[in-house]
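Asker: using only what follows, build the 3D model:
(6 chains)
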Protein chains: 6
Amino acid sequence: MRNDQRSTNSLRPITITPNFVKHPEGSVLIQVGDTKVICNASIEDRVPPFMRGQGKGWITAEYAMLPRATEQRNIRESSKGKVSGRTMEIQRLIGRALRAVVDLDKIGERTVWVDCDVIQADGGTRTASITGAFVAVVHAFGKLLEKKVLSKMPVTDFLAATSVGVLPNGTEILDLNYEEDSKAHVDMNIVMTGSGEFVELQGTGEEATFTANQLQTMLQLANEGIVTIIDKQKESLGDLVNRIGETIPRKSVEEKG
Amino acid sequence: MRNDQRSTNSLRPITITPNFVKHPEGSVLIQVGDTKVICNASIEDRVPPFMRGQGKGWITAEYAMLPRATEQRNIRESSKGKVSGRTMEIQRLIGRALRAVVDLDKIGERTVWVDCDVIQADGGTRTASITGAFVAVVHAFGKLLEKKVLSKMPVTDFLAATSVGVLPNGTEILDLNYEEDSKAHVDMNIVMTGSGEFVELQGTGEEATFTANQLQTMLQLANEGIVTIIDKQKESLGDLVNRIGETIPRKSVEEKG
Amino acid sequence: MRNDQRSTNSLRPITITPNFVKHPEGSVLIQVGDTKVICNASIEDRVPPFMRGQGKGWITAEYAMLPRATEQRNIRESSKGKVSGRTMEIQRLIGRALRAVVDLDKIGERTVWVDCDVIQADGGTRTASITGAFVAVVHAFGKLLEKKVLSKMPVTDFLAATSVGVLPNGTEILDLNYEEDSKAHVDMNIVMTGSGEFVELQGTGEEATFTANQLQTMLQLANEGIVTIIDKQKESLGDLVNRIGETIPRKSVEEKG
Amino acid sequence: MRNDQRSTNSLRPITITPNFVKHPEGSVLIQVGDTKVICNASIEDRVPPFMRGQGKGWITAEYAMLPRATEQRNIRESSKGKVSGRTMEIQRLIGRALRAVVDLDKIGERTVWVDCDVIQADGGTRTASITGAFVAVVHAFGKLLEKKVLSKMPVTDFLAATSVGVLPNGTEILDLNYEEDSKAHVDMNIVMTGSGEFVELQGTGEEATFTANQLQTMLQLANEGIVTIIDKQKESLGDLVNRIGETIPRKSVEEKG
Amino acid sequence: MRNDQRSTNSLRPITITPNFVKHPEGSVLIQVGDTKVICNASIEDRVPPFMRGQGKGWITAEYAMLPRATEQRNIRESSKGKVSGRTMEIQRLIGRALRAVVDLDKIGERTVWVDCDVIQADGGTRTASITGAFVAVVHAFGKLLEKKVLSKMPVTDFLAATSVGVLPNGTEILDLNYEEDSKAHVDMNIVMTGSGEFVELQGTGEEATFTANQLQTMLQLANEGIVTIIDKQKESLGDLVNRIGETIPRKSVEEKG
Amino acid sequence: MRNDQRSTNSLRPITITPNFVKHPEGSVLIQVGDTKVICNASIEDRVPPFMRGQGKGWITAEYAMLPRATEQRNIRESSKGKVSGRTMEIQRLIGRALRAVVDLDKIGERTVWVDCDVIQADGGTRTASITGAFVAVVHAFGKLLEKKVLSKMPVTDFLAATSVGVLPNGTEILDLNYEEDSKAHVDMNIVMTGSGEFVELQGTGEEATFTANQLQTMLQLANEGIVTIIDKQKESLGDLVNRIGETIPRKSVEEKG
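Answerer: Below is the predicted model:
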């Protein structure tokens, strides 16, 4: 039995509120259980120096927590004067994941800045950030479609993320909350597309190593969870749902052909 | 006529939502027109090194904006590796203002950390932060009263803030929104107590200097606005309203006696 | 009675020594009682990136104290690797104040760097800095007039600053020295022009709030003090005195017209 | 065919030189093809502040590259004044991996500092670092056994790492060199124990997503590679080989029991 | 002929003004030609952590220039957030030099902070700093003698510094001003004691190498200059002159015995 | 007798291994006794901003130690976020010394980056770095000669460095190892050219001052040592030996003519 009575393969309730902040091109509040993240997507009409003149765009992400998003107050990274290793890992992960489903050749020399700010944390903030950021990015591109800046949606597929893990008693579970995450022996974050392929897999067994069988069970749990999460994303996207995938992905491993 | 049809002495609509984030001892979302600030108050059971052993407490504040709280995205201060002068001025102001109405001798060796995070900005973020932070701090002390950690509310009076200014046409106005603030020739932030005394006065005439008469008109506008704002605070404080002032202020200028 | 026998409305002795350092375009040593500040004004023939191409100039200020300007040695800000909030507040104040009396449209794409370095501190270092910096800036523009780089003095009015406050016994006083400042319940810095208008007003009652009556008394004391200080500035400006105001201020609140 | 004529499941030649630097308790130079890393393990007789008084130890890792370890010279991180996100990710990974096979309860209040300095890079520097660091750490504990500071080897199992990936033509390959890594559509780093369990799995498909089948093929390649690498580690450990595992792991997922 | 008509072996005029700033235990303004440095010595009643418990003291120095001490304005090191390599070299040199003539075993667990702030620069700021700092330090110890905190002057000998160099035409000269320094092919700073021994020798031939003969000529010039400079120091020390050397130096190379 | 049985005028064994790392244009491992330094020279086809458009080149050096190059592990400067004063002094010295024997006018707008990374330290790391860096730089220019980018070797003379010092018993010695360096009363680093002229002289007597006679003895020891070291450099340079000096030095003190 899990501490919040869920079955091993149950997700926590998910709510995605679009247009949460008024200024950004795309803005959602995503709630996954008690985890709440504001995901804002901003379009800037230029790319970083190292990409100029190539006619293509870029997506980059930043991630932060309010100091009291957590049970204990954390020191603000602006006060410390530097961003922690954990924050850097998370923002690199979010950016990489989003770039996997956006055809950067189709967005011109623009940068999409994705800001994920956790206002309340209860485990799974990085996977909630990816799931919410995907919606915010689609909304932001929706604005560019409306304004006829772009003629096709450059998003090639859906993208969502969740966590799986192994409890100390050996049970594999889906979507860990904070208490479960603290106790788990194995913790894995998985990012997948709407077509069921992997974008990113990060599994760590600091407290205990894990077997090939456990890995397979966790992959199966994640696969099922992702399908449900993408259904939630669709509800918050309205007519934009049908425009995902209208661009052919720019690259694919030949085996897929 | 003002750009949002208000009369010169009208405030924007104010909403204060208590218990906005679950972890902090006190947490409110304050909305003043389109300005939205999360104000969290956290109690830590120790004071900074320079105050140890004196048996008294401390209140300190931090202020930040989400990168896309504004029309143009701002670079995160954690990425820049340093806090701007503007941010420092604001957080020093918030801390100073709150300390003026809390009897630090009565709270033991504790620090109250006040975090004001602007999620949407439309002018007046620093004064909204002070007004919201006051409520969050009272709630936080309310928790200490409930737990019998404190026996009396250490808050000596109400505290609220607003802005006044002079438009290019010479009209003095109350509670400037972003567009007004950008155009105003004179901008003044005023922090006052429930008993109508001044805590802080910061007036700047970078675009144009101002006369003694204009100053008096602005002070009058602020005075009226503060009374209305404090009424809003009371609505969000419930029974705690009656406990404000049960501690005698620790110091007062003799004239008052 | 004040600790140095002054009456409540007396300033400390003021000395302004022009041409104190040989390299800067304008350089003065200002002494206000035991407070001594070197104010240097440097002209740079370009403006910061955000202002380029607008055909106008900029004035910016920096402020620092020698480590042993004070009774206790302070750690150098270069060693700490960052500038304190207090320093930032002061240098922003000095820059803002000076810009209020210089017609930036008339100086071309030039930056005036004002450096205020306190070599000995006894209270009132920020107001002494403003008063001295004004003289240094006028001298610097004087150099540009001599060289025919400018044809008119771009300074529209005199500018000086002083402090007022309320002692614990309720007495309002002018020009606080360090000991008075440490004990005062209310502390206010006031920057005014030669024509008696306000440029900046910063009043703080951390130790005790203050009433509208006390505010009026303090404003009156400041007003009288500023007149005397401007007389001192005039003595150190020689023929340049007559050139102040030969440019019409670029903006004014209509009421004045 | 691979650019260096290897078959898809071949490792590059591996050489591990023990006692490479004279001062550290454990020091090896590991060469994996043209990738060369100095791995030093230092024992410090205390733990970080947050662990004091618990009677257990800690292992932490740092990773750096000489500026010209790569084809293009990189700016030194000490000159930039901060450690990059990539570096932080790698050093966190190395530390986590090593802690998975060391019984920290058995080493007393000591910190093992592992320094991995890449002097020449040709792909796979992070996995070579883990493989080499493991040997350096065993040597360092060997010193503590010799000196009778410890009576049992606290290392519970072998630990090694390698990379797998998918080339643009869809071929899965083992142990990518720099040129392969630059072109690969999928890149996965895998850390495993001597008993064939997973410690860490990090797979990324930024250029193309990957299927469940591709994942299985990659896991199989990695599994075989790790067995060979551990044989190489054993050759460089001498008699210490037999002491690995003499401590029972402190924790294990129940399923394993 | 030198650009200021001096002969090759002439010093610039030297003035040492004691008690320049009121707070420090020792404070002098030293002028060497147009170079002006405020040297303050502060006594702190504790030593840095690495020296605690040894019963001896420490001397450390900091050096800075006002931004407009030079012909071109320099960016403040506090704004840059770090101290330059040049500054570090100079402050390490000043500290080392002073420690060579102070018996640290005789001053108890105290730190002498020496602050050398250049307010006007015309070459030779580091050597003027050493010469002036020596006087400030003696005055500071004089205060401790007066207060009976120390019973003997812990300064073992006089200490002064000057520069020598080789002009492009091959002429060796003493005490280079800024213009000479900019042109010189060789530049050497020399610190010597009252008994004519060397404390520090730093000679650099970036523009041209120098021969053993040139070195001898420069050493001779420096030797004569130092004698004159020490006479100047004596004039500003009053009765304290006779107390220098009343402590036996703590260490000496045997040859001297 | 010295702690490693050397006579007072003996160098430690020197080995210079060329082509140590494969990527840099010039790369050597230099060993001086137990001191080991990797010296890499990289050619970049541009110069720093302040030198652009002058048609000449630049040489700059960076120096670092692996954390465990020393008996006690040192904190990495990248972790501290700043480069120490000692490191800055050393890298400024290395750069200055190399520039003294390279005709920067003859290398076009190129920068030579010299990286000296100490992997094992036993005294004399800065002088070993200069000696090794010289060889790496000649090799790097050799590459440019091979590629016909340059037609003449721009190195005007040989360059090597060593240390001398005075032991507590008054004996002057050559090439101090770590233990000797820790005890020495006087420590001097000397950089000389193949024609026996001085490039840099840095002597410090923190523990004891030194006489003119001692200085002469040390200079003589250094002179002899440098001759031997340059012979070692020649062995590692092959045919490039004969190309040193084919460019006439750009400047020389007239006396030499």
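Asker: which residues in chain A form helices?
Answerer: Using DSSP state H, the helices found in chain A span residues A:77-80, A:85-99, A:125-146, A:178-183, A:212-235.
Asker: tell me what angle the longest one forms with helix D:212-235.
Answerer: Taking axes from the mean of the first three to the mean of the last three CA atoms, to 10 degrees, one finds helix A:212-235 and helix D:212-235 inclined to each other by 140 degrees.
Asker: picking up where we left off before, make TSV from the helices of chain A and add mean pLDDT and mean neighbour count to it.
Answerer: For glycine as for every other residue, the C-beta is placed from the backbone atoms N, C-alpha and C. Compiled in TSV, those are given as follows (pLDDT from 0 to 100; neighbours: other CB atoms under 10 Å in any protein chain shown):
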stretch	mean pLDDT	mean neighbour count
helix A:77-80	86	16
helix A:85-99	95	21
helix A:125-146	98	25
helix A:178-183	95	15
helix A:212-235	97	19
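Asker: A:Pro67 touches A:Ser78, doesn't it?
Answerer: No - proximity of A:Pro67 to A:Ser78 does not meet the contact threshold set by CB atoms under 8 Å, at 10.2 Å.
Asker: for E:Arg126, which of the helices of chain A is the nearest?
Answerer: helix A:77-80 (35.2 Å; CB to CB).
Asker: quick check, the closest one touching chain F?
Answerer: No - Helix A:77-80 lies out of reach of chain F by CB under 8 Å from any CB of the partner chain, never closer than 10.9 Å.
Asker: phi, psi for A:Asn9 please.
Answerer: Taking degrees, to the nearest 10, you get phi -110, psi 20 for the backbone angles of A:Asn9.
Asker: neighbours of it, how many?
Answerer: By other CB atoms under 10 Å in any protein chain shown, the residues close to A:Asn9 number 16.
Asker: how far away from the center of its chain is stretch A:23-33?
Answerer: Here stretch A:23-33 is found 12 Å from its chain centre; the criterion is CA atoms, centre = their mean, to the nearest Å.
Asker: interface residues of the stretch 1-150 of chain A facing chain C?
Answerer: With the criterion set to CB under 8 Å from any CB, the stretch 1-150 of chain A comes near chain C through A:Gly81.
Asker: can I get stretch A:90-100 in PDB? Just the C-alpha atoms.
Answerer: Output for stretch A:90-100, consisting of C-alpha atoms alone and laid out as PDB, is shown next (Å, rounded to 0.1, in the frame of the first residue of the first chain):
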ATOM      1  CA  ILE A  90      17.200  19.600 -14.500                       C
ATOM      2  CA  GLN A  91      17.200  22.600 -16.900                       C
ATOM      3  CA  ARG A  92      19.500  20.800 -19.300                       C
ATOM      4  CA  LEU A  93      17.100  17.800 -19.200                       C
ATOM      5  CA  ILE A  94      14.000  19.900 -19.900                       C
ATOM      6  CA  GLY A  95      15.600  21.700 -22.800                       C
ATOM      7  CA  ARG A  96      16.900  18.500 -24.400                       C
ATOM      8  CA  ALA A  97      13.500  16.800 -24.100                       C
ATOM      9  CA  LEU A  98      11.600  19.700 -25.700                       C
ATOM     10  CA  ARG A  99      14.100  20.000 -28.500                       C
ATOM     11  CA  ALA A 100      13.500  16.300 -29.400                       C
END
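Asker: contact partners of it?
Answerer: By CB atoms under 8 Å, 6 or more residues apart in numbering or on different chains, the list of residues contacting stretch A:90-100 from outside reads A:59-63, A:112, A:114, A:116, A:125-126, A:129-130, A:133-134, A:137, A:159, A:161, A:189, A:191, A:193, A:199-200, A:202, D:85-86, D:89, D:204-206, D:208-209.
Asker: so which residue of chain A comes closest to chain F?
Answerer: A:Lys82 (7.4 Å; CB to the nearest CB).
Asker: export stretch A:231-241 as PDB, just CAs?
Answerer: Taking C-alpha atoms only, stretch A:231-241 is exported to PDB below (Å, rounded to 0.1, in the frame of the first residue of the first chain):
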ATOM      1  CA  ASP A 231      -4.500  12.600 -22.600                       C
ATOM      2  CA  LYS A 232      -4.500  15.300 -20.000                       C
ATOM      3  CA  GLN A 233      -2.300  17.500 -22.100                       C
ATOM      4  CA  LYS A 234      -4.700  17.100 -25.000                       C
ATOM      5  CA  GLU A 235      -7.600  18.400 -22.900                       C
ATOM      6  CA  SER A 236      -5.700  21.600 -22.300                       C
ATOM      7  CA  LEU A 237      -4.600  22.200 -25.900                       C
ATOM      8  CA  GLY A 238      -8.000  22.600 -27.600                       C
ATOM      9  CA  ASP A 239      -7.800  22.800 -31.400                       C
ATOM     10  CA  LEU A 240      -4.000  22.900 -31.200                       C
ATOM     11  CA  VAL A 241      -4.100  19.100 -30.600                       C
END
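Asker: since that was my last question, I'll sign off now.
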